[in-house]
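Trainee: Whatever this is, show me its structure:
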Amino acid sequence: MKKIIILLILTSSIWAEAQMPVIFDEKERARIIDEILEERFEKVLPELMRKHDIQMWIVISREYNEDPLLKTMLPSTWLSARRRTILMFYDPGKGQEIEKIAIARYDVGSLLKGSWDKNVNPDQWDALIKIIEDRNPKNIGLNISGDFGLSDGLVYTEYQQFMAALPEQYHQKVISAEPLAISWLETRSDKELEIYPMICRIGHEIINEGLSEKVIHPGLTATEDVVWWLRDRVRELGLDTWFHPTVSLQRADPENFDHLRTFSKRPERQIIEEGDLLHVDFGITYLRLSTDQQQHFYVLKKNEKQVPQFLVQAFDRSNRLQDILTSNFKEGRTGNEILELSLEQAKKEGLNASIYTHPIGLHGHAAGPTIGMWDQQQGVPGRGDYPLYNNTAYSIELNTSTEIPEWNKVIRIMLEEDGYFSDGAFYYIDGRQKEIQTIPRKPSQY
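Mentor: Purely as a prediction, here's the structure:
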C-alpha cells in the first residue's frame, strides 16, 4: 500500500507536465480487466463476505436485463449475461477459499466454474437449489435494496421464481446483500489503484486539449462545439464516456449561473468570447473504471496576460472548500456527517458553499456514501447515512458562490476531481486544478 500512496503523491506533483498516456488495444485491455477481476475475486471478495457475515451470495440476471453488479463480475469477453446467468459465492468458513460457482452449462471465464449438468437437473432452478441444500448456508444474500439502486439489481420476476423454487425451510435465511454489494462495488483493489492515475490523467489531458486554443477560437467556437469535440476525441481514442459532457460559460452579463442552467436551461448555442470564464464537466470510462472531472478556463482579452485577480480569488475559495471537505473524511463517518461538518466549517470561514460529492469507480455515480446533493444540502436520507470505508474513491464535487463587483453578479466556481481514501488520509488520484488555465495558454500551463 505504501508504494501505491507514493505513486499517488508523485502523480499529483507532475500533472502540469503530463502527456497523454499510451492507450491499450482491446486485447491488452481484456488481459488487464481479467487480471483485476481475478485479484478482486481472490483478495477483495473473501474479506468483504466475512466482514458483512454473508455466507452465500447469489447474483441472478437474464440477458440484456442485467443486474448492474453482475457486469462488474463478468470476464472481459462477456459483454452481457447469457440466457439466465446465476453466480454463487459461498464461504465454507475456517479460512477455506471462497467457492465461485456459475449455475450454467459452461464456465464463466476461468474463475467461475459451470456446475449445471442438464442431464442430472434439467431445470436450472433445481440445479441451484441442489447446491444450496448441499451447503446449507446460515444465510443467503440477494441483491435487494431500498436505498441503493446499484445493489437492487434482482428483478421481481427472478425473485419470485427463486423463492418459489427455494424450499420453505430456507426462506427465513434469505437476506438483503446490500452491505456486501455496496462494498464490492466501492472497494478498490491494489491493481485498480495502480492504474487509476493513468485513467484520470487521460481525462485531464483530453480536457486540457479540448479547452485550449487548439479547439477554441473566440468569436467563432460555441460551447456545444467543444462538447462534441470532446465526444469525438473520446471515440477517436477508443474510450467510452458515461455521461454527455457539458461546457458552459459565465461572463459580465445579467444571466445567473446555477445547476438548473448547467443541465437543462442553458442556451442551445453560446459563442465563446474573449473575457469568458469557461466550465467543463467531463468523464470517461476505461478498463471499467470511471472518472468525473470539472475545471475552469479563462479566455484572455487582447490586452490581458493573466486571469483577472477577482476570478483568481473566487477560484481559491473553491480550492479551500475542497480542503475543508476532505479534511473531514474519517472512516466510519456517514456521508451526512461529513457534509454537515464541512458546511459548518465553510460557513465559519465565510464561504457560500454547496457540496454534492459522490463515490467513483466501477460506475460514475458509484456505490458508497453520498455526501450531499446540489438540491439536498441538509443531508440525503439513506445513501447519505452510509459510512465512509477504507480503500474507496470519490469525486470531490462542489462549488462556492462569490459576488463579483466587476461583473455586477454572483459567479460559481464548480470543481470536481477524483480522489482516494486510504489509511485515514485522502489523496487526489491525478492531482487537482489549483489555478484557472488561460486560453491561449501561457507557456508554463502546457
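Trainee: In the protein, mark out all the helices, start to finish.
Mentor: 2-13, 26-39, 45-51, 124-135, 156-165, 178-186, 190-210, 223-236, 259-260, 309-327, 335-348 (DSSP state H).
Trainee: got any ranges where the stretch 201-350 of the chain has weak pLDDT?
Mentor: Applying pLDDT under 70 to the stretch 201-350 of the chain flags the ranges 258-267.
Trainee: Verify the stated contact: Asp240 with Val234.
Mentor: Yes - counting by Cβ atoms under 8 Å, Asp240 touches Val234, with 7.1 Å between them. Quick note: C-beta positions are derived from backbone N, CA and C, even for glycine.
Trainee: Neighbour count for these two, which is higher?
Mentor: Ranked by neighbour count (other Cβ atoms under 10 Å), Asp240 and Val234 place Val234 first, with 22 against 13.
Trainee: buried sites along stretch 181-201?
Mentor: 181-189, 191-193, 196-201 (16 or more other Cβ atoms under 10 Å).
Trainee: do stretch 149-160 as well
Mentor: Here stretch 149-160 shows Leu150, Ser151, Asp152, Gly153, Leu154, Glu158 as buried, counting by 16+ other Cβ under 10 Å.
Trainee: closest to Asp25 among these?
Mentor: Proximity of the buried residues of stretch 149-160 to Asp25 was ranked by Cβ to Cβ; the top entry is Leu150 with 29.8 Å.
Trainee: How about the closest one: what's its closest non-neighbour residue?
Mentor: Excluding its sequence neighbours, the residue lying closest to Leu150 (Cβ to Cβ, 6 or more residues apart in numbering) is Ala367, at 4.8 Å.
Trainee: Also Met20?
Mentor: Take Met20 and drop its neighbours on the chain: the residue closest to it by Cβ to Cβ, 6+ apart is Glu205, 4.6 Å away.
Trainee: Could you report the pLDDT at Ile199?
Mentor: Looking at Ile199, its pLDDT reads 98.
Trainee: my read: it touches Ile284, true?
Mentor: Yes - Ile199 lies in contact with Ile284 (Cβ under 8 Å); the separation is 7.2 Å.
Trainee: shared neighbours of the two, anything?
Mentor: Shared contacts of Ile199 and Ile284, defined by Cβ atoms under 8 Å, 6 or more residues apart in numbering, comprise Thr291.
Trainee: residue contacts, Ile129?
Mentor: Ile129 makes contacts with Ala165, Leu166, Pro167, as judged by Cβ under 8 Å, 6+ apart.
Trainee: same thing with Arg412?
Mentor: Shown in contact with Arg412 (Cβ under 8 Å, 6+ apart): Gln250, Phe257, Asp258, Asn399, Thr400, Ser401, Thr402.
Trainee: The last one contacts Arg317, doesn't it?
Mentor: Put plainly, it is Thr402. Yes - between Thr402 and Arg317 there is a contact under Cβ under 8 Å: 6.1 Å.
Trainee: Overlap of the contact sets of the two?
Mentor: Ile413.
Trainee: The nearest residue to Glu178 once chain neighbours are set aside and Val312, how far apart?
Mentor: Nearest residue to Glu178 in three dimensions, chain neighbours excluded: Ser145, at 4.2 Å (Cβ to Cβ, 6+ apart). According to Cβ to Cβ, to the nearest Å, Ser145 stands 44 Å off from Val312.
Trainee: cool, and Arg50?
Mentor: Applying Cβ to Cβ, the value for Arg50 to Val312 is 51 Å.
Trainee: and Ser145 and Val312? which has more neighbours close in?
Mentor: Between Ser145 and Val312, counting by other Cβ under 10 Å, Ser145 is the more crowded of the two (20 against 13).
Trainee: which residues touch that one?
Mentor: Ser151, Asp152, Ser176, Glu178, Ala181.
Trainee: any chance of these in JSON lines, plus distance to Gly114 and pLDDT?
Mentor: Listed next are the contacts of Ser145 as JSON lines, based on distance: Cβ to Cβ, whole Å; pLDDT from 0 to 100:
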{"residue": "Ser151", "distance to Gly114": "26", "pLDDT": "94"}
{"residue": "Asp152", "distance to Gly114": "27", "pLDDT": "93"}
{"residue": "Ser176", "distance to Gly114": "27", "pLDDT": "98"}
{"residue": "Glu178", "distance to Gly114": "28", "pLDDT": "97"}
{"residue": "Ala181", "distance to Gly114": "23", "pLDDT": "97"}
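Trainee: Identify the residue nearest the geometric centre of this structure.
Mentor: Ile360 (2.0 Å; Cα atoms, centre = their mean).
Trainee: show me what contacts that one?
Mentor: By Cβ under 8 Å, 6+ apart, Ile360 lies in contact with Ser290, Thr291, Asp292, Ala366, Ala393, Tyr394, Ser395, Asp418.
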